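1. My questions are about this predicted structure, shown below with the sequence.
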Amino acid sequence: MKRNRSFNPKPMLFLAALFVVFCGFIWQQNQHTLYVIGDSTVRNSNKETWGWGTFIGGYFDTTKLKTSNQAMAGRSTRTFIKEGRWDKVLSTLKAGDFVMMQFGHNEGSVPDTTKAGYRGVLKGIGDETKELVWPDGKPETVHTYGWYLSKFVKEAKAKGATVFICSMIPRNEWADGKVKRANNDYGKWAQEVAQREGAFFIDLNKITADKYDKMGPDEVKKLFPGDHTHTSQEGAKINAQSVVDGLKELKNDPLKPYFL
């Protein structure tokens with residue numbers, strides 16, 4: 001006489017759940033990430049002012065590319081590295097990922113051990129250095145703006161990532177009816193480092209400045225609610241669109257397959 005055995009679906013359900021988890025893991029491993037680093041003009045938690053990095057992810061298909069905005073207010077190239085923020089990015093950066101950077105607003109002070117000089121760097125892109133000794137006896141070698149940018153590029157590329165350098169967004173500063181540009185200092189140096197190190201360059205300063213010139217001082221002023229550097233949400237969206245405009249101007253833009 002045959003024994004009637006009831007079917008137990010639990011093992012099959014367990015295997016199905018395991019398969020779903022496995023597929024999700026494989027999908028996460030194959031999904032690429034765009035890491036964005038910079039200062040408060042890239043990421044800002046202030047309720048009135050915004051950074052463009054907050055909105056850049058909205059231009060991409062999130063099933064193919066996720067965005068990780070690691071920028072931090074008040075940081076320069078020097079302090080972003082010094083505080084371990086770059087190491088944090090490197091710890092999860094993998095081959096096929098992307099790194100986009102924009103620095104320049106916080107680099108201008110003379111580098112020393114005062115509060116004002118904590119984030120300053122040497123001007124230019126050369127190998128000049130300045131030796132500091134902090135009150136606790138800890139030494140620090142300060143480098144040029146270009147040296148720090150080069151470090152970002154080299155170390156990201158060593159991980160197999162593709163790198164974009166953006167010139168800094170323009171401030172609400174005018175001369176002779178035109179927005180002041182950074183094409184003689186930080187914007188120029190950013191472009192030179194990109195060319196030297198084989199990174200993509202987006203002239204965000206020029207692209208947005210051209211838009212501001214067309215808008216005029218009165219309209220542009222509305223985008224800066226508190227000072228001449230930090231934009232409103234509307235201004236940040238203009239800058240995010242400028243980044244995308246710059247990407248689309250690139251020959252063989254590697255992010256093109258990820259656009260919505």
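-> Noted; the coordinates are in hand. Please read all numbers here as calculations on a predicted model, not as lab measurements.

2. any idea how far H143 is from V179?
-> Note on V179: its distance to H143, by Cβ to Cβ, to the nearest Å, is 29 Å. For the C-beta atoms, the positions are set from N, CA and C on the backbone; glycine is no exception.

3. again, but for H230
-> Distance check for H230 against H143: by Cβ to Cβ, it reads 27 Å.

4. for the chain, what spans make up the strands?
-> Secondary structure of the chain (DSSP state E): strands at 32-38, 65-69, 98-102, 130-133, 139-142, 162-166, 174-175, 178-179, 200-202.

5. Please convert those to TSV, extending it with distance to E83 and mean neighbour count.
-> Converted to TSV, the strands of the chain look like this (distance: least, Cβ to Cβ, whole Å; neighbours: other Cβ atoms under 10 Å):
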stretch	distance to E83	mean neighbour count
strand 32-38	12	24
strand 65-69	16	18
strand 98-102	15	26
strand 130-133	16	12
strand 139-142	12	12
strand 162-166	20	24
strand 174-175	34	12
strand 178-179	31	16
strand 200-202	25	22
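
6. ok, K159 - how many residues close by?
-> Close neighbours of K159, defined as other Cβ atoms under 10 Å, add up to 15.

7. And the pLDDT at it?
-> With respect to pLDDT, K159 scores 98.

8. My guess is it contacts T92. True?
-> No. Between K159 and T92 there is no contact under Cβ atoms under 8 Å: 9.7 Å.

9. which one of H230 and H143 has more residues nearby?
-> Using other Cβ under 10 Å as the criterion, H230 and H143 rank with H230 on top: 25 against 22.

10. show me the contacts for that one.
-> H230 sits next to 40-41, 44, 46, 49, 224 when contact means Cβ atoms under 8 Å, 6 or more residues apart in numbering.

11. Okay, it and A236: tell me how far apart.
-> Distance from H230 to A236, counting by Cβ to Cβ: 9 Å.

12. what residues are shared contacts of those two?
-> T49.

13. Can you show me the helices along the stretch 101-250 of the chain?
-> 145-158, 186-197, 204-215, 217-221, 233-249 (DSSP state H, counting those that start in this stretch).

14. Out of the ones you listed, which is closest to R78?
-> Nearest to R78, of all the helices of the stretch 101-250 of the chain, is helix 145-158, at 5.9 Å by Cβ to Cβ.

15. Run the angle between that closest one and strand 98-102 for me.
-> Orientation of helix 145-158 against strand 98-102 (axes from the mean of the first three to the mean of the last three Cα atoms, to 10 degrees) gives an angle of 170 degrees.
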